[in-house]
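[1] How does the following fold in three dimensions:
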Amino acid sequence: MFMVPHSKYILAVGIAVGLIGCGGSSPPKKTESVESKPPADSKPTTKPEAVIPVAKPAGIPRIEADSAAAAVMKTLTALQVGNMAEAYDFLPPAYQSDVDGLVHEFAERMDPEIWSRLIGTARKSVEVLKTKKDLILALDLFRDRPEAEPYRKSWDSSVQLLETFANSDLGELPRLKQLSVKSLLPGKSGSSLPQDAICLALGANLSRQFVGVTVTPIRSEGAEQVVAIRGPRDDKPTEFTYVQHDGRWLPKSLVEQWADGIKADRDWLEKLPDRIKVIKPQLMDALTRTDEILDQLLAASNREQFEQAAGPAILSLATAWPNLQLLSRQFLVGQNEWPRVTITINRELTESELSKLVTAVLKPLREAGSDYTLLANDGRTVCRMMHVGDVESLQKSLATHFNIPADDVAIDRESSTIKVELAN
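    Numbering: from 1, shown residues only. Below is the predicted model:
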């Protein structure tokens, strides 16, 4: 929720995926067009190669060592062997300093109480996910459902990732104020975050992701060099223009946009304290309720107790999700508006009744710009709606749909709630 919206450090390693080179401080030289390909059987090692290991048929000239294409190959090779710290060096020192500065400024301006509570809740969530794994996966939400199989397979690795981040230097603002982003990345420098955690965060196995990528120098145009990059599944290569900046070959577009992007991030961070004030009461209340639910789940000693605690927890999460999304938007723009309505129905609707409600009442509102989350559980049905322009019309639509007197659909404006009383 509290990540800087434009920050380059969030995407820094991702940009290196075939687009960014590092090293090479000599002026660009004209190179002949040649395709270079990392070995298909490349495997991760603990020590990256010092030179680019590229096999070429006899008579094919090598890529010039100080060219943009060689810089791209160096970055790809570092990623293949898991040396993400070296790959991150595609950014020149001044750019890395800009990235570190954004992190330090975030830590300086972030509300310590909120950050501490967020990290504490994250750690408690990890404890629940680790110690109650079997009970969670036995819930109806997961049991015997094919769509839940991916969650089962990635459960342990995902929990490990969350635990790693929650217990890293990212969890302590004083440490963040001194943090070097490069120090977090696996490589020669050591890292507080393991490579597999980084890979999970990026959604890719880095040791295999870049095998089969081809890099071809196309032409030199004065101080610029054009490089074609093609992935193993690409129909055709994509050309990128590189320029040298502070001793690094970088995409021309990155150099042109860097200063404006960093300035936008700093402008956003300058407003961070005021934006936090807007949402702090609601966020602290949400964290308190979340911690109470997590405590109940941790206290459950058997399946029956766990399910009794999990039912209301799932209902609370489903109904609170739109508010959490709204909190995020309010945090980004600094506005405190709550265009929401909660519809509570005094009994669980059947599948048929839910379908009819969606078709007759909710779907038309969604088409008009509203959004909703609907859940029938624990003896009642709750629908949380966002961006409702006319509450009175919604009240009438519900009365008409359920064929009940208007008095049985009551509006509580203070709590933005519409209560529907149906016969059991």
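[2] mind showing which ranges of the stretch 151-300 of the chain have poor pLDDT?
    For the stretch 151-300 of the chain, residues meeting the criterion pLDDT under 70 lie at 187-211.
[3] same thing but at 50, please
    Counting by pLDDT under 50, the stretch 151-300 of the chain shows low-confidence ranges at 189-190, 200, 202-204.
[4] Quick one: the helices in it, in order.
    155-166, 173-176, 181-184, 195-202, 206-209, 252-270, 272-299 (DSSP state H, counting those that start in this stretch).
[5] Tabulate these (CSV), appending distance to residue 387 and mean neighbour count.
    The C-beta positions use only the backbone N, C-alpha and C, and glycine is treated the same way. CSV is the format used below for these (distance: least, Cβ to Cβ, whole Å; neighbours: other Cβ atoms under 10 Å):
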stretch, distance to residue 387, mean neighbour count
helix 155-166, 31, 16
helix 173-176, 35, 15
helix 181-184, 38, 19
helix 195-202, 32, 18
helix 206-209, 40, 18
helix 252-270, 25, 15
helix 272-299, 18, 15
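[6] for those, which one sits closest to residue 106?
    Residue 106 lies closest, by Cβ to Cβ, to one member of the helices of the stretch 151-300 of the chain: helix 252-270, at 6.0 Å.
[7] tell me what the closest one is packed against?
    helix 8-15, helix 93-109, strand 238-245 (3 or more Cβ pairs under 8 Å, 6 or more residues apart in numbering; DSSP states H and E).
[8] Please convert these to JSON lines, extending it with mean neighbour count and distance to residue 218.
    Compiled in JSON lines, the helices and strands packed on helix 252-270 are given as follows (neighbours: other Cβ atoms under 10 Å; distance: least, Cβ to Cβ, whole Å):
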{"stretch": "helix 8-15", "mean neighbour count": "18", "distance to residue 218": "20"}
{"stretch": "helix 93-109", "mean neighbour count": "17", "distance to residue 218": "25"}
{"stretch": "strand 238-245", "mean neighbour count": "18", "distance to residue 218": "6"}
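[9] Can you tell me which of the ones you listed is nearest to residue 352?
    When these are compared by Cβ to Cβ, helix 8-15 sits nearest residue 352, at 45.2 Å.
[10] and the gap between residue 107 and residue 378?
    For residue 107, the distance to residue 378 (Cβ to Cβ, to the nearest Å) stands at 41 Å.
[11] Residue 404 is in contact with residue 422, isn't it?
    Yes: judged on Cβ atoms under 8 Å, residue 404 makes contact with residue 422 at a distance of 6.9 Å.
[12] all strands of this protein, in order?
    Assigned by DSSP state E, the strands in the chain fall at 214-221, 224-230, 238-245, 248-251, 340-345, 371-377, 380-386, 409-412, 417-420.
[13] Not counting the last one itself, show me its contacts.
    Same thing as strand 417-420. Residues from elsewhere that reach strand 417-420, judged by Cβ atoms under 8 Å, 6 or more residues apart in numbering: 341-346, 391, 394-395, 398, 402, 404, 408-412.
[14] strands paired with it, and their directions?
    The pairing partners recorded for strand 417-420 under DSSP bridges are strand 340-345 (parallel), strand 409-412 (antiparallel).
[15] Deepest in the core, which of those is it.
    Of the strands paired with strand 417-420, the one with the most neighbours on average (mean count of other Cβ atoms under 10 Å) is strand 340-345, at a mean of 20.
[16] Averaged pLDDT, that strand. What do you get?
    Across strand 340-345, pLDDT averages out at 86.
[17] that older thread, okay, the strands of the chain in TSV with distance to residue 274 next?
    Shown next, in TSV, are the strands of the chain (distance: least, Cβ to Cβ, whole Å):
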stretch	distance to residue 274
strand 214-221	46
strand 224-230	43
strand 238-245	35
strand 248-251	35
strand 340-345	23
strand 371-377	27
strand 380-386	24
strand 409-412	31
strand 417-420	30
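[18] thinking again about what came up before, so for residue 148, which of the helices and strands packed on helix 252-270 sits nearest?
    The nearest among the helices and strands packed on helix 252-270, by Cβ to Cβ, is helix 8-15 at 28.4 Å.
[19] mean confidence for the closest one?
    The pLDDT scores in helix 8-15 average 37.
[20] Likewise for stretch 75-86?
    Computed over stretch 75-86, the mean pLDDT rounds to 80.
[21] I'd like to know which of the strands of the chain is closest to residue 152.
    That would be strand 371-377 among these, by Cβ to Cβ, at 22.2 Å.
[22] Compute the inter-axis angle for the closest one and strand 380-386.
    Interaxial angle of strand 371-377 relative to strand 380-386 (axes from the mean of the first three to the mean of the last three Cα atoms, to 10 degrees): 170 degrees.
[23] just to revisit the earlier point, distance to residue 137 added to the helices and strands packed on helix 252-270, as CSV?
    Putting the helices and strands packed on helix 252-270 into CSV (distance: least, Cβ to Cβ, whole Å) gives the following:
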stretch, distance to residue 137
helix 8-15, 31
helix 93-109, 36
strand 238-245, 42
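[24] Indicate which one of these is closest to residue 370.
    Closest approach to residue 370 among the helices and strands packed on helix 252-270 (Cβ to Cβ): helix 8-15, 31.1 Å.
[25] Tabulate the helices of the stretch 151-300 of the chain (a markdown table), appending distance to residue 416.
    Output for the helices of the stretch 151-300 of the chain, formatted as a markdown table (distance: least, Cβ to Cβ, whole Å):
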| stretch | distance to residue 416 |
| --- | --- |
| helix 155-166 | 33 |
| helix 173-176 | 34 |
| helix 181-184 | 42 |
| helix 195-202 | 37 |
| helix 206-209 | 47 |
| helix 252-270 | 30 |
| helix 272-299 | 13 |
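[26] And the ones you listed: which comes nearest residue 120?
    helix 272-299 (7.7 Å).
[27] if we can go back for a sec, closest one to residue 276 among the strands paired with strand 417-420?
    With Cβ to Cβ as the measure, strand 340-345 is the member of the strands paired with strand 417-420 nearest residue 276 (20.9 Å).
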